[in-house]
Each structure stands twice: as structure tokens, then as C-alpha cells.
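Peer 1: pasting the structure only:
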């Protein structure tokens, strides 16, 4: 494993990755060897197979990160930036470290916890935390330090303290180190010790997620110790420990955020967590887990529960939201079996059966019809939409031929299906609709955006190219007041869809008029697009800067 210098430079590491990629593209045998040795996706492949694989900058960055002992480029970056921050501002070294141990809602910011990076920094600097702060001992699972503090002052277990001003039990259960096998038992033992010492199982702290902050937490948004166990770290054993000690399962956060780990969800429900009013039924439909949906319904989930807050508030019922999210017939069957009404309507009076057809869910529409949602024959406009949504070009064209000007008769809600389907990844349906002259700039979806913005957000380069070739405007604004350049920025940095091709999207946008980038003299990380400062992933930034040099 390569050793990181005492004063690492992220720019130098980026250069290493680019040099490796350049060697790979020149068919350098050593580059192939390095990829085979470090990158799981390249393991065991011949030089010819690797060359044909078309590895890109993110692969080279991943390779470099693994050569230094990190599982991802993001972890290597986090390590380097934190170490440099500690060197430049040693007075805040502990705080920088804690922002790797805890997610931003606890430490202040928008980051997620990076426990493996925190552990490596601690291993390199064992004296970083000192020996006298029991709140830091809560973060690392040092039970002996907690015992010493309690022997000196038994009341400390009831007070918030430490650099993050956390109650002790919150500091334990939210610690990201609990995700590491060597620390899990230690942190469990600390939680048990604190409970035995009298700490309330309902200890909580104010949310520090922006616009709140570490200095000014949002006291109306409380994050409990149970939420740390069940909703943040998804730890069933720790969740059970807190519930057995009397933690309130209805803390407003735990059930909703536990749904990624059904074992925690089950424990909360068995302890009396109320599904109704938590929006968990809607959230589980976002996650596409039919077994967890059945679990919620079996524990009192109301299959006709009205939604709370946008965007779900526009859809009226879990059944309609399931259709909106294009869930499987199994999801619909589970809702119907739990008493969901098949004859519900959207706010504009559209029946669920028709909504299912609008989203290309013909089997779901049949289920609803069989469950008693009897429907009159579809009007031509809805039959046309249904044909488009299921990708039946012949039927759609035949309807257009029989009803000239059909698209011009569609109302705003119907027209918004173009971006709605783009947001759900239904590229074939979107292409057919555009080919048949559907208005391309109509806005819709959760963030009121054009189909192009949704395609860029998903990293769907093929659909992005298609929409631009058919006249989509990259400067069209979405509901957050930005355009496709902003969508590319956020999505390339956060990768909301696995496997998205944001470089391909950038290539398409530049080819259709978006300015390429030039270095920002005021920022080492950002670039200028026109006069505007923007941030992108390294790979997208590299393309945009190279595109600028090619154009000049």
C-alpha cells in the first residue's frame, strides 16, 4: 500500500489519476497491471479486455484511492482535506475529525459520515482526542473513560457537552464508527453503560442540517438517540437495547428513516411505532421494497392515509403515489389487500385506473379494474397518452391520424407526463412522445423541471442527446431556479442514480450550446461557465476544461 505524504495535496493526487488514465489509453502494460491489482472491476482481465472496457477518470481515481488503502476516491479526498485542515488549523483538528465520525445533521453541514476515514486519521494520530473528554469517548466507544467520568460526576450522563454539544447517548448512537466491526461492540457497551447509569433513552439534540448549524441547532427538529441507532446507523441490536430501555418509538424520525433496514423497522413497529402520520407508507413506496410495505400495512398502516406535505400532497393516497412511482403490481396488490380504495381520484378528478395507464402500467390498470374500479372507454386523448407511455408507436400514430391536433387538446396535467416519465427513467416513452410533437419544454416532476433537466439529473446521456437534438433548451429553468448546467453540477457531485453517465450528459450539453469551462482564479475546485462559478465532479470538470481547450 502506498504511503500518503505528511502534507498531502489533492491536486497532486488528481494529477496521478489523470496520468494513470493517459497511460492506460496508450495501452501501457504497467497501467493495466495497476488497474488489475487495485480495481475490482478490472481483476483478472486481459490487457485486451481492459482496453476494450473503456475505463474513465473515475476508474483511475478509484484505482489510485485503493492503492493508498481507501475504498473510494471520496474517502481518499475526505482524508486529505481533513488532514490538511487539521494541519492548517490545529485548534479545530478534533472538530474536523468529528465531521467524519458524524453526519452533517449532528456535526453541522451536509456531509455524510466517513468512519473508515476517521479511523485512519485516528490511527495515524492516537493522541488527537486526548484523555479527558468523556463526550469524545462516546464517539469512539471508550467505556473505561465513561466509567471514570461517571465516578467523578454521576450527573454528567444527563448533560450535553463536548465539541458538538451532544447528550452522551446521542453521541454514542449517532457515531459512524458503529458501522465498523471493531467498534460496534464497544459502542453497544457504552450505550448500555449510559442507560444503566441513568441516562434517558430519549436523549436528543437539535438538528444541525442547514439552514440550522452547530452553533444554532433547530430545536423544533429533534434527533433522538433512537434515530441514531435505527435511522442513521441501521443497527438492530442497538435499536432493541434502546427500545427495551423505554425509548419512544414515535420520535418523528426513527420509523421513517429505518426503512432501509427492515429489521429496525420491525423492532420499532413491535414497540408501538405508529405508521399513520409518519409518511413512512409513502417513503417505502419511494424505496420500492414490497416486503417492507407489507410490514407497515400489517402493523396498522392505513392504506388510504392522506399525505402530508409536497410533493406527495398532490397525489392524495398511497395507491396513487405507488402509481406515480411506477411500482409493481405486487405493491398495488398489497395496498388493495389492506383496504386501499381502487376508485380514488387525483385532485383534478382523474381515476386511478387512468393514472396507471398514463404511467404505462397496463397490468396495474387491470388489477384496479378487477378490484372494482370500473371504467368507461378511454377518450382519445387518454388512449393516446396510454399508447405513448407503454411505447406503442403504432397505436399512438393511428390515434393521431384519426384525431388531428390531438396533442393540442391535452391539459396541463396531461402534458406534464413528459417530464414525469423522464423523471422515472422511461426513456422510450419520452422519445416517442417527443417524436410525436409533444411540447418538449413542459415542466413537471418532484422539482418542476423539464424532461431535459430530469434526464441530466439521472445521468441519462442517451436521452439527454435525444432531447437536445429535438430542440430542448439547456437554459430552461426548473423549480429551483437553475438550468441543466446546475442540474449537471448537483447530479455529477451527488450521483443520485447508480451508473449515471454525467460526462456523456456534459458532452451533449456542450455540443448544443452550453459554454465549456475555464479555470476559476478564485477557486481551486470550481470552474467558470460563462461568468458563473460552478462545481462539478472531477470527471465532468476535466471534460469541460478540455472541451474549452479544444474549442480555442
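Peer 2: Yes, it's here. What you are looking at is a predicted structure, and each value in this text was computed from that prediction instead of being measured. Numbering: from 1, shown residues only.
Peer 1: okay, CA-based contacts and neighbour counts for the rest of this
Peer 2: OK.
Peer 1: now do the phi/psi pair for the closest residue to residue 313 other than its chain neighbours.
Peer 2: Leaving aside its sequence neighbours, residue 313 sits nearest to residue 307 (C-alpha to C-alpha, 6 or more residues apart in numbering; 5.0 Å). When quoted as degrees, to the nearest 10, the phi and psi of residue 307 stand at phi -80, psi 160.
Peer 1: I'd guessed residue 307 sits against residue 320; true?
Peer 2: No - between residue 307 and residue 320 there is no contact under C-alpha atoms under 8 Å: 10.6 Å.
Peer 1: can I see the domain layout of this protein?
Peer 2: For the chain, automatic domain parsing gives the domain ranges 10-77, 89-273, 283-370, 411-502.
Peer 1: JSON lines please, covering these and showing mean neighbour count, distance to residue 397 and mean pLDDT.
Peer 2: What follows is these, written out as JSON lines (neighbours: other C-alpha atoms under 10 Å; distance: least, C-alpha to C-alpha, whole Å; pLDDT from 0 to 100):
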{"stretch": "domain 10-77", "mean neighbour count": "18", "distance to residue 397": "39", "mean pLDDT": "93"}
{"stretch": "domain 89-273", "mean neighbour count": "20", "distance to residue 397": "43", "mean pLDDT": "95"}
{"stretch": "domain 283-370", "mean neighbour count": "19", "distance to residue 397": "16", "mean pLDDT": "92"}
{"stretch": "domain 411-502", "mean neighbour count": "20", "distance to residue 397": "8", "mean pLDDT": "96"}
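Peer 1: contacts only, for the residue nearest to residue 313.
Peer 2: 279, 282, 313, 315-318 (C-alpha atoms under 8 Å, 6 or more residues apart in numbering).
Peer 1: mind checking the SS state of residue 528?
Peer 2: strand (DSSP: H, G, I helix; E, B strand; the rest coil).
Peer 1: same question for residue 83.
Peer 2: Residue 83 ends up helix, using three-state DSSP.
Peer 1: got a pLDDT number for it?
Peer 2: We have a pLDDT of 87 for residue 83.
Peer 1: ok, the residue lying closest to residue 69 once chain neighbours are set aside - contacts?
Peer 2: With C-alpha to C-alpha, 6+ apart as the criterion, residue 69 has its nearest non-adjacent residue at 6.1 Å, and that residue is residue 1. By C-alpha under 8 Å, 6+ apart, the contact set of residue 1 is 67-69.
Peer 1: helix or strand: which one has the closest residue to residue 47 other than its chain neighbours?
Peer 2: Nearest residue to residue 47, sequence neighbours excluded (C-alpha to C-alpha, 6+ apart): residue 32, at 6.2 Å. For residue 32, the host element (DSSP states H and E) is helix 29-38.
Peer 1: next SSE after that helix?
Peer 2: Helix 29-38 is succeeded, C-terminally, by helix 47-53 (DSSP H and E).
Peer 1: just the residues contacting that following helix, thanks.
Peer 2: Counting by C-alpha under 8 Å, 6+ apart, 24-25, 27, 29, 32, 42 sit against helix 47-53.
Peer 1: same question for stretch 174-182.
Peer 2: 100-103, 106, 113-116, 119, 139-140, 183-185, 187, 225, 227-229, 232-233.
Peer 1: could I get the contacts of residue 307 as JSON lines with secondary structure and distance to residue 49?
Peer 2: Shown next, in JSON lines, are those (DSSP: H, G, I helix; E, B strand; the rest coil; distance: C-alpha to C-alpha, whole Å):
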{"residue": "279", "secondary structure": "coil", "distance to residue 49": "48"}
{"residue": "282", "secondary structure": "helix", "distance to residue 49": "44"}
{"residue": "313", "secondary structure": "helix", "distance to residue 49": "50"}
{"residue": "315", "secondary structure": "coil", "distance to residue 49": "49"}
{"residue": "316", "secondary structure": "coil", "distance to residue 49": "52"}
{"residue": "317", "secondary structure": "coil", "distance to residue 49": "50"}
{"residue": "318", "secondary structure": "helix", "distance to residue 49": "47"}
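Peer 1: JSON lines for those residues, including distance to residue 436?
Peer 2: Formatted as JSON lines, the contacts of residue 307 follow (distance: C-alpha to C-alpha, whole Å):
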{"residue": "279", "distance to residue 436": "38"}
{"residue": "282", "distance to residue 436": "34"}
{"residue": "313", "distance to residue 436": "31"}
{"residue": "315", "distance to residue 436": "28"}
{"residue": "316", "distance to residue 436": "31"}
{"residue": "317", "distance to residue 436": "32"}
{"residue": "318", "distance to residue 436": "32"}
